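Participant: Kindly generate the corresponding structure for this input.
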Amino acid sequence: MLDIVMYHYVRPIIGSSYPKIKGLEVSGFKRQLEYFSKERSVVSTSDVLKAVEGDLALPKNAVWLTFDDGYKDHFDYVVPLLEQFGFDGAFFPVSDCYVKNQVLDVNKIQFILALSETDDLLLENLRDEMFVEGYGRSDWDNFWVSVDKSSRYDTSNTIFFKRMLQIELPLEQRQKIISNLFERIVGKSEVDFANELYMSKSDLISLHKRGFTVGSHTASHQWLNSLSVDEQKIEIDNSLGALESIRGDLDNWIMCYPYGGYNEDTLSILKKNNCAFALTTKVGSADLSVQNKYEFSRLDTNNFPR
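Facilitator: Numbering: from 1, shown residues only. Next up, the predicted model:
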């Protein structure tokens, strides 16, 4: 069994411009690395690749560290600490962020949430935008009843806001509403914010040269299982083109599914593109000898002492 640890934001949060952003403080990350160094065996990507092929038996207490979305925080805070502890890590940036300087909808939502004064005001803003798009009071009430608002980490209002803008509304409407709210509440240009939030191509090349793994998190961070086969191919192909420009090759490349979303079409595309293996957001330890290599489960950083 292998515990694949999933990280997103690792940054100084308290006292920052975004104190409500949900993430791991750098000090907490360092304490977690100290715990891993004493209690667990942190393995490298190379070790995991060999284990997937059946060429290496991993230690019983093995953990592998993975970092989603390609944040600048990872370059500034995570990598120096990994190097300090002598640990490997795998990073999964979204290519449109460093190729086109685009801000992901999921990140726009997170920073809208971080800067919103109250949950009530948050829902009021969403409702007003939906009314502009032609929805009525009964539509709003029906969504509120039907949308699953259960979550380990968020309030019911927050998870409703997220799910409405991540999956429930049609894509074009979601993107329009998200952009309107981002412009109004965050108030920064998308290009400037992208440059502030994500690693650049040169940062990613530096990671690769320093021995860290850079993998694919698709081109634009869509739910792959909501896309047609052709749309999925475009997402993955565009990502791989950008990835090859960073690494120089696509040997043993690894996929990390945005939102954990995929289907049988996704698995077929990965196989045809010689993907080494893929990571989901299914919660649990990964059994490399039993699970489909394109469906390895992971554990969140919150599942470990920090």
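Participant: From residue 99, how far off is the residue nearest the centre of the chain?
Facilitator: Central residue of the chain (Cα atoms, centre = their mean): residue 68, 3.9 Å from the mean position. Distance of residue 68 to residue 99, given as Cβ to Cβ, to the nearest Å: 17 Å. C-beta: built from backbone N, CA, C; applies to glycine.
Participant: what do you get for residue 18?
Facilitator: 25 Å.
Participant: got it, and residue 250?
Facilitator: From residue 250 to residue 99 the distance is 16 Å (Cβ to Cβ).
Participant: so which helix or strand takes in the residue nearest to the centre of the chain?
Facilitator: Under the criterion of DSSP states H and E, residue 68 resides in strand 62-69.
Participant: Direction included, what does that strand pair against?
Facilitator: With DSSP bridges as the test, strand 62-69 is paired with strand 3-7 (parallel), strand 41-42 (parallel), strand 90-93 (parallel).
Participant: Any regions of this structure where pLDDT drops low?
Facilitator: Judged against pLDDT under 70, the chain has no low-scoring part.
Participant: Domains in it, by residue range?
Facilitator: 3-94+198-303, 105-191 (automatic domain parsing).
Participant: Give me the distance from the shortest one to the chain's centre.
Facilitator: For domain 105-191, the distance between its averaged C-alpha position and the chain's averaged C-alpha position is 19 Å (Cα atoms, centre = their mean, to the nearest Å).
Participant: Next, the distance between the ends of that domain.
Facilitator: 14 Å (Cα to Cα, to the nearest Å).
Participant: Pipe the strands paired with strand 62-69 into TSV and attach mean neighbour count per row.
Facilitator: Shown next, in TSV, are the strands paired with strand 62-69 (neighbours: other Cβ atoms under 10 Å):
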stretch	mean neighbour count
strand 3-7	21
strand 41-42	18
strand 90-93	26
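Participant: Can you tell me which of these is nearest to residue 305?
Facilitator: strand 3-7 (11.9 Å; Cβ to Cβ).
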